[in-house]
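Q: Compute the structure for the input listed below.
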Amino acid sequence: MQEDKSRLISFAMSGGMYLGLFWLVKYLCVMGAGAVPALGSANLFLSVGTPLILFYFLVKYRIEILDGTMRFGHGVQFSILLFFFASLLESTLVFAHVQWIDPSYIGNLYANMIEMAKTLPLDKTMVAAVENQPLPSPANYVFNNVVIADVFIGMLLSLALVPMSFRYASKPFIKSEKDEQN
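A: Numbering: from 1, shown residues only. The predicted structure is shown next:
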């Protein structure tokens with residue numbers, strides 16, 4: 001069976017928009033956690049939503065677009081594209097945050113990371129080498145820590161959720177024979 005790549009990309013883009021909007025809300029909690037500590041807890045609570053949203057879109061894609069049959073590789077491909085498109089939306093807010101809203105965010109983040117590394121039993125030359133590295137630019141930070149990280153997480157989550165989505169058949173997604181006759 002020939003796969004229709006345009007339907008794959010179209011569905012991943014529309015699903016990615018919803019996942020990206022969800023991630024924008026999550027990132028707003030990260031941004032506000034410094035002023036309101038409860039938002040940090042809300043961010044942790046919202047983290048459960050990402051796998052649930054992925055699972056929802058996997059099942060919906062399999063049933064509505066692929067008529068109930070999906071190969072494992074196709075599901076992983078869909079998940080990676082979904083997370084890629086969602087990360088593009090999230091990366092705009094992260095870039096605005098680290099470039100204009102809080103330009104010291106990256107520096108503070110790396111300073112805290114180096115302080116934590118100093119407390120661990122690590123080789124001092126390795127810690128010094130990390131300490132002497134220049135900070136990444138906002139664009140480099142966003143690409144590495146948002147886009148690449150999100151796609152990697154999408155790939156890992158898909159390894160577990162794609163097989164689970166094969167076994168799930170929800171009534172709202174499935175068109176019954178009675179509905180098709182009307």
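Q: so is the nearest residue to residue 55 once chain neighbours are set aside in a helix, a strand, or just coil?
A: Among residues not flanking residue 55 along the chain, residue 161 sits closest, at 5.1 Å (C-beta to C-beta, 6 or more residues apart in numbering). In this view, the C-beta of every residue, glycine as well, is placed from N, C-alpha and C. Taken by DSSP: H, G, I helix; E, B strand; the rest coil, the conformation at residue 161 corresponds to helix.
Q: neighbouring contacts of stretch 98-115?
A: 31, 97, 127, 130-131, 135-136, 138, 141-142 (C-beta atoms under 8 Å, 6 or more residues apart in numbering).
Q: What average pLDDT does whatever helix or strand residue 39 lives in get?
A: For residue 39, the element it lies in under DSSP states H and E is helix 38-46. Helix 38-46 shows a mean pLDDT of 92.
Q: So what's the gap between it and the chain middle?
A: Taking the mean of its C-alpha atoms, helix 38-46 sits 16 Å from the chain's own mean (C-alpha atoms, centre = their mean, to the nearest Å).
Q: Please look at residue 23 and residue 88 and confirm they touch.
A: No: at 10.5 Å, residue 23 does not count as touching residue 88 under the criterion of C-beta atoms under 8 Å.
Q: Who has more neighbours out of those two?
A: Counted by other C-beta atoms under 10 Å, residue 23 and residue 88 do not tie: residue 23 has more neighbours, with 25 against 16.
Q: For the nearest residue to that one once chain neighbours are set aside, pull up the helix or strand it's in.
A: Leaving aside its sequence neighbours, residue 23 sits nearest to residue 90 (C-beta to C-beta, 6+ apart; 4.2 Å). Element membership of residue 90 [criterion: DSSP H and E] is helix 72-96.
Q: swap in residue 69?
A: Counting by DSSP H and E, residue 69 is part of no helix or strand.
Q: buried ones in stretch 102-110?
A: 105-106, 110 (16 or more other C-beta atoms under 10 Å).
Q: Give me the mean pLDDT for that stretch.
A: Mean predicted lDDT for stretch 102-110 stands at 94.
Q: And stretch 14-25, by the same measure?
A: Here the average pLDDT along stretch 14-25 is 98.
Q: Name the residues that touch it?
A: For stretch 14-25, using C-beta under 8 Å, 6+ apart, the contacting residues are 46, 49-50, 53-54, 57, 60-61, 81-90, 93, 150.
Q: Show me just the buried residues among those.
A: If we count by 16+ other C-beta under 10 Å, these have these buried: 46, 50, 53-54, 57, 60-61, 81-90, 93, 150.
Q: Please enumerate the helices of the chain.
A: 5-32, 38-46, 49-60, 72-96, 105-119, 124-131, 138-142, 149-167, 177-181 (DSSP state H).
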